[in-house]
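Undergrad: predicted model and sequence below, questions to follow.
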Amino acid sequence: MIHMEYYLIVSAIFFSAGIWGFSPRRNTLAILISIELILNATDINFAVFNRFLFPGGLEGYFFSLFSIAISAAETAVAIAIMINIYRNIRSIQVNKLDEMKW
């Protein structure tokens, strides 16, 4: 049986990679991927805590499925926004988005 700490280490690596990828990036697609990594880390935590704290319950798994569905919807909306940004200013770089203010 794998101990809880190993799952939490994997989750922490996902979360750290998401934070590291989110902070210095200027590309909106890279930022979206980083946010997805952070959300996947939370899904792992939901499933792991449910398995180890409440082995008979399914609440953590349902939270994970709900979170995955929300992540999919968020990704679809974000990609649609990125497509519209690219159509307007021909770039998906974050530093070019100030051109869309006025």
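TA: Noted; the coordinates are in hand.
Undergrad: tell me how far the longest helix seen in the chain lies from the chain's centre.
TA: Secondary structure of the chain read by DSSP state H shows that its longest helix is helix 59-89. Relative to its chain's centre, helix 59-89 lies at 9 Å (Cα atoms, centre = their mean, to the nearest Å).
Undergrad: what packs against it?
TA: helix 28-53 (3 or more Cβ pairs under 8 Å, 6 or more residues apart in numbering; DSSP states H and E). All C-beta spots, glycine's among them, are computed from the backbone N, C-alpha and C.
Undergrad: most centrally placed residue in this protein?
TA: Closest to where the C-alpha atoms of the chain average out (Cα atoms, centre = their mean) is residue 36, at 1.9 Å.
Undergrad: returning to what we had before: can you give me the buried ones in the longest helix of the chain?
TA: Applying a neighbour-count criterion of 16 or more other Cβ atoms under 10 Å, one finds 60, 63, 64, 71, 78, 82, 85 buried in helix 59-89.
Undergrad: what angle sits between that helix and helix 28-53?
TA: 180 degrees (axes from the mean of the first three to the mean of the last three Cα atoms, to 10 degrees).
Undergrad: what's near enough to touch the residue nearest to residue 63 when sequence neighbours are not counted?
TA: Closest residue in space to residue 63, ignoring its immediate chain neighbours: residue 46 at 4.6 Å, by Cβ to Cβ, 6 or more residues apart in numbering. Residues in contact with residue 46 (Cβ atoms under 8 Å, 6 or more residues apart in numbering) are 60, 61, 63, 64, 67.
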